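Asker: take a look and give me a structure for this.
(one chain, ligands or ions: 2)
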Amino acid sequence: MFNSYLENTLRYYKDKCINCKRCTEVCPHGVFVEGVANAELVHPTRCMECGACALNCPVQAIEVQSGVGCAWAMINAALRGKDMDSGECSCGGDTGSCCGELK
Ligand code: SF4
Ligand code: SF4
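Answerer: Ligands and ions are numbered 1, 2, ... in the order given. Predicted coordinates for the structure are as follows:
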């Protein structure tokens, strides 16, 4: 079964986190939540690789390749006036994937 966290490019290095909470504020999908000492990565499969968290993290605790994957495919399809079947995402829209139903 497709596992979008394993196949998407989001990577979180918790030991680097200084708990500034920026990622929890900017993520549009609630991928991160506030923790006691560090941000907690709670819904990695919701990540659409927009890149906002990594851009706002002051200590590079998050890495993600924006411009690839589902988010890019959706933007690309919209710009071209085509549906997702013609996009570049390969997740297949499985439940739990970034194109599938949110858990
Ligand atoms: S890349 Fe975007 S969707 Fe993914 S965790 Fe970061 S802010 Fe959230
Ligand atoms: S933006 Fe970076 S340092 Fe701030 S809470 Fe998120 S992971 Fe931690």
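
Asker: which is the next helix or strand following the helix or strand of the chain with the lowest mean pLDDT?
Answerer: Ranking every helix and strand in the chain by mean pLDDT, DSSP states H and E puts helix 4-7 at the bottom, with a mean of 61. Per DSSP states H and E, helix 4-7 leads on to strand 11-12 as the next helix or strand towards the C-terminus.

Asker: so in that sheet, which strands flank that next one, and in what orientation?
Answerer: Under the criterion DSSP bridges, strand 11-12 sits next to strand 62-63 (antiparallel) in its sheet.

Asker: so is the partner strand next to ligand 1?
Answerer: No - judged by C-beta under 6 Å from any ligand atom, strand 62-63 stays clear of ligand 1, getting no closer than 6.5 Å. Where you see a C-beta, it was placed from the backbone N, CA and C, and this is true even at glycine.

Asker: for Gln65, which non-adjacent residue is closest in space?
Answerer: Thr9 (4.0 Å; C-beta to C-beta, 6 or more residues apart in numbering).

Asker: isn't the one you found up against Glu49?
Answerer: Yes - using C-beta atoms under 8 Å, Thr9 is in contact with Glu49, at 6.0 Å.

Asker: so which of the two has more stuff around it?
Answerer: Glu49 (22 against 16; other C-beta atoms under 10 Å).

Asker: does the more buried one lie in a helix or a strand, and which?
Answerer: Per DSSP H and E, there is no helix or strand for Glu49.

Asker: I'd assumed Glu63 was in contact with it.
Answerer: No - using C-beta under 8 Å, Glu49 makes no contact with Glu63, being 10.8 Å away.
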